[in-house]
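>>> give the three-dimensional model of this entry:
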Amino acid sequence: MYVCVCNAVTDGQIRSLARRGVDSIEELRALTNCSGTCGQCLEHAEEVLAQALAERRMPLIQLNQGMLGEQPA
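Numbers count the residues shown, from 1 in each chain. Sure thing, here's the model as predicted:
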């Protein structure tokens with residue numbers, strides 16, 4: 001789904017960039033110009049990026065819990 005219509009940036013592209021290390025809206029804007037034209041997509045872009053970053057960190061949390069002998073919730 002398009003997040004930024006002005007620059008044809010999709011939620012899939014944002015998620016892919018987050019998996020590759022993009023971790024701020026400023027970096028996302030620099031690479032895609034998402035929210036850099038009219039700005040109407042800024043809130044949605046931030047939400048998609050935040051979700052993608054949470055997903056990116058999840059395996060690390062689960063791995064750390066496993067190393068400590070704790071079971072993931």
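>>> what score does the spatially most central residue of the chain have for pLDDT?
The chain has L49 as the residue nearest its centroid, 2.5 Å off, counting by C-alpha atoms, centre = their mean. Confidence at L49, expressed as pLDDT, is 98.
>>> for it, which residues are in contact?
L49 makes contact with 14, 18, 22-25, 28 under the criterion C-beta atoms under 8 Å, 6 or more residues apart in numbering. Any C-beta I mention is one placed from the backbone N, CA and C, and that applies to glycine too.
>>> assess the claim that Y2 and G12 are in contact.
No - because the distance of 10.0 Å does not satisfy C-beta atoms under 8 Å, Y2 is recorded as not touching G12.
>>> who touches both of those two?
Here Y2 and G12 have no joint contacts, going by C-beta under 8 Å, 6+ apart.
>>> before we move on, the earlier item: helix, strand or coil for the residue nearest to the centre of the chain?
Classification of L49 into helix, strand or coil gives helix, according to DSSP: H, G, I helix; E, B strand; the rest coil.
>>> show me the shaky parts of the protein.
Where the chain drops to pLDDT under 70, the residues are 59-73.
>>> all the helices of it, residue numbers only.
All helices of the chain, identified by DSSP state H, fall at 11-19, 25-32, 42-67.
>>> from G36, how far off is R29?
5 Å (C-beta to C-beta, to the nearest Å).
>>> actually G21, sorry about that
Distance of G21 to G36, given as C-beta to C-beta: 20 Å.
>>> these two: who's more crowded?
G36 (16 against 8; other C-beta atoms under 10 Å).
>>> which of the contacts of L49 sits closest to A54?
Of all the contacts of L49, the one with the least separation from A54 (C-beta to C-beta) is A18, at 9.4 Å.
>>> with M1 as the reference, measure out to the residue nearest to the centre of the chain.
Here L49 is placed at a distance of 14 Å from M1 (C-beta to C-beta).
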